[in-house]
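K.L.:
Need coordinates for the below:
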Amino acid sequence: MTLPADAVLRAPHLRGARALFTTRAGGIGAAPYDSLNLALHVGDEESAVRRNRDLLRAEMGAPLAAVDQIHSAEVHVLPADGPVPVIPADALVTSRRDVALLIMVADCLPVLLSDAASGVIGAAHAGRRGLLDGVLQRTVESMAALGAVPSRIRASIGPSICGDCYEVPAAMQEESAAVLDGICARTRWGTPALDLRAGAVRALELAGVPASAVAVEAPCTLEDPRFFSYRREGTTGRFAGVIRRA
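P.N.:
Next up is the predicted model:
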């Protein structure tokens, strides 16, 4: 059984990989996790989450490899074969064909990456802290260590909170701008904000990935009820960015 059409957003920009972002549709969870929650740590019934993960695994045709996300810049380079341990990290990298890399979010950026020529893929959870600490640069570096060439990498930034909505204190905006240029924004109501998507494009560019090779999927999670949003809902589920080598 695969997921219904309204449960996924494909990422065709990524050559050499099968990549998608899930919505909150198509699962079996009850409110406030309705219905395709993929996270075990948010208070949902474990049996429902595991059944939802089974649906995603069937969709991808491979076991799911995940990390214990901690808002860091740590990257998990998967072992060359065998079981994949779950470790504290916020990105995964591999050249294996037999697993799909899974990142879970509910406003933060899910970033999927692929270098078709080398067969190396990556997935990163880029929240504000991880983005400023260099999680995307370290993901690209880890991909390069497996044979990827940064200038060949394509990236897709999935549904996430937009710069018009991600309001932050002025001091936090100043701190962020001192680390990563291009990240400052204003909300539609005129208060300080951060544009994590623009910051991610800049971070990838600093790592050698051309800005023209980065696709930004448009939906804002705060504004679009198809997606879980921690800022909008508080107690809620997590959707996924997932990628498998073709």
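
K.L.:
Low-confidence regions, the protein specifically.
P.N.:
Across the chain, residues meeting the criterion (pLDDT under 70) sit at 1.

K.L.:
All the helices of it, in order from the start?
P.N.:
Under the criterion DSSP state H, the chain contains helices at 46-60, 128-133, 135-145, 170-179, 196-206, 230-233.

K.L.:
wait, which of these is closest to A117?
P.N.:
helix 135-145 (11.8 Å; C-beta to C-beta). C-beta: built from backbone N, CA, C; applies to glycine.

K.L.:
Just name whatever secondary elements the closest one is in contact with.
P.N.:
In this structure, helix 135-145 packs against strand 75-77, strand 91-94, strand 109-115, strand 120-126, helix 196-206, with contacts taken as 3 or more C-beta pairs under 8 Å, 6 or more residues apart in numbering; DSSP states H and E.

K.L.:
CA atoms only: put that helix into CSV for me.
P.N.:
Taking C-alpha atoms only, helix 135-145 is exported to CSV below (Å, rounded to 0.1, in the frame of the first residue of the first chain):
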residue,chain,number,x,y,z
VAL,A,135,24.4,21.8,9.5
LEU,A,136,24.1,22.3,5.7
GLN,A,137,27.7,23.0,5.1
ARG,A,138,28.7,19.9,7.2
THR,A,139,26.2,17.8,5.2
VAL,A,140,27.8,18.9,1.9
GLU,A,141,31.2,18.2,3.4
SER,A,142,30.1,14.7,4.4
MET,A,143,28.7,14.1,1.0
ALA,A,144,31.9,15.2,-0.6
ALA,A,145,33.8,12.8,1.6
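
K.L.:
Give me the contacts around it.
P.N.:
Residues outside helix 135-145 that contact it (C-beta atoms under 8 Å, 6 or more residues apart in numbering): 72-75, 77, 90-91, 93, 111, 113, 115, 120-122, 124-126, 148, 150, 153, 200, 203-204, 206-209.

K.L.:
buried ones in it?
P.N.:
Neighbour-count burial for helix 135-145, with 16 or more other C-beta atoms under 10 Å as criterion, is recorded at 135-144.

K.L.:
could I get the residues you listed as JSON lines with distance to G27?
P.N.:
Putting these into JSON lines (distance: C-beta to C-beta, whole Å) gives the following:
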{"residue": "V135", "distance to G27": "27"}
{"residue": "L136", "distance to G27": "29"}
{"residue": "Q137", "distance to G27": "34"}
{"residue": "R138", "distance to G27": "32"}
{"residue": "T139", "distance to G27": "28"}
{"residue": "V140", "distance to G27": "32"}
{"residue": "E141", "distance to G27": "35"}
{"residue": "S142", "distance to G27": "31"}
{"residue": "M143", "distance to G27": "31"}
{"residue": "A144", "distance to G27": "36"}
